[in-house]
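# A predicted structure for the sequence below; I have some questions about it.
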Amino acid sequence: MYSEHRGWLHGWLRKKLGCSHCAADLAHEAFIRVLLLAEPHTIKEPRAFLATTAVRLLIDGARRRRIEKAYMHALVIQCEDAGMPDPAAVHVALQALERIAEMLAGLPAKTREAFLFSRLDGLTYSEIATCLDVSPSTVKNYISTALVHCYHSLHVTDSLS
């Protein structure tokens with residue numbers, strides 16, 4: 001699949017992003033997601049699958065950048081009110097954001113998307129269901145799964161410390 005579709009995916013992403021290097025990184029990340037599938041050989045429409053995966057990666061990246069931007073904006077406001085923030089505190093906060101992103105990366109794509117739509121975008125379960133083309137009860141299950149996953153990820157990490 002990689003040798004047959006890498007060039008196409010890279011070109012498609014380059015047109016969307018306007019940057020060959022970013023397109024190459026994203027294409028490789030999409031193929032990594034394929035490798036992580038239980039049965040990647042069962043994909044019937046590789047280009048559609050790769051395009052959907054790449055779009056989801058773009059959305060995840062945009063959300064991550066929005067979180068970082070919001071945090072940095074909050075730091076600027078805090079700086080204006082209380083002086084410069086401690087660089088160590090900034091580093092710890094950015095590490096926490098990266099930890100959250102890694103934790104969410106362990107979720108199935110639709111579960112992660114539902115969770116992010118809910119928490120970041122403030123969408124209702126019905127709105128999320130429409131976006132993901134599933135029922136609201138499925139969205140409720142996705143959110144529950146994501147919360148349990150986050151809890152277990154935090155619990156395991158904390159018990160290792």
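Sure thing, it's come through.
# elements contacting the helix or strand of the chain with the lowest mean pLDDT?
Ranked by mean pLDDT, DSSP states H and E, the weakest helix or strand in the chain is helix 87-105, scoring a mean of 77. Contact partners of helix 87-105 among helices and strands, from 3 or more C-beta pairs under 8 Å, 6 or more residues apart in numbering; DSSP states H and E: helix 46-82, helix 109-119, helix 136-160. All C-beta atoms are positioned from the backbone trio N, CA, C, and that covers glycine.
# any stretches of this structure with poor pLDDT?
Along the chain, segments meeting pLDDT under 70 span 78-86, 156-161.
# enumerate every residue touching the residue nearest to the spatial centre of it.
Residue closest to the average C-alpha location in the chain (C-alpha atoms, centre = their mean): residue 60, at 3.2 Å. Contact partners of residue 60, counting by C-beta atoms under 8 Å, 6 or more residues apart in numbering, are 101, 105, 112, 116.
# repeat for residue 46
Taking C-beta under 8 Å, 6+ apart, one finds 1, 4, 5 in contact with residue 46.
# of these - the most surrounded one?
The most crowded member of the contacts of residue 46, judged by other C-beta atoms under 10 Å, is residue 5 (19 neighbours).
# identify the residue nearest that residue in space, chain neighbours excluded?
residue 46 (5.4 Å; C-beta to C-beta, 6 or more residues apart in numbering).
# how far away is that neighbour from residue 134?
For residue 46, the distance to residue 134 equals 23 Å [C-beta to C-beta, to the nearest Å].
# possible to save the helices and strands packed on helix 87-105 as JSON lines with distance to residue 14?
Output for the helices and strands packed on helix 87-105, formatted as JSON lines (distance: least, C-beta to C-beta, whole Å):
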{"stretch": "helix 46-82", "distance to residue 14": "11"}
{"stretch": "helix 109-119", "distance to residue 14": "23"}
{"stretch": "helix 136-160", "distance to residue 14": "32"}
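# among these, which is the most enclosed?
helix 109-119 (a mean of 20; mean count of other C-beta atoms under 10 Å).
# what's next to the least confident helix or strand of the chain, contact-wise?
Contacts of helix 87-105 (C-beta under 8 Å, 6+ apart): 60, 64, 67-68, 71, 75, 112, 115-116, 146, 149-150, 153-154, 157.
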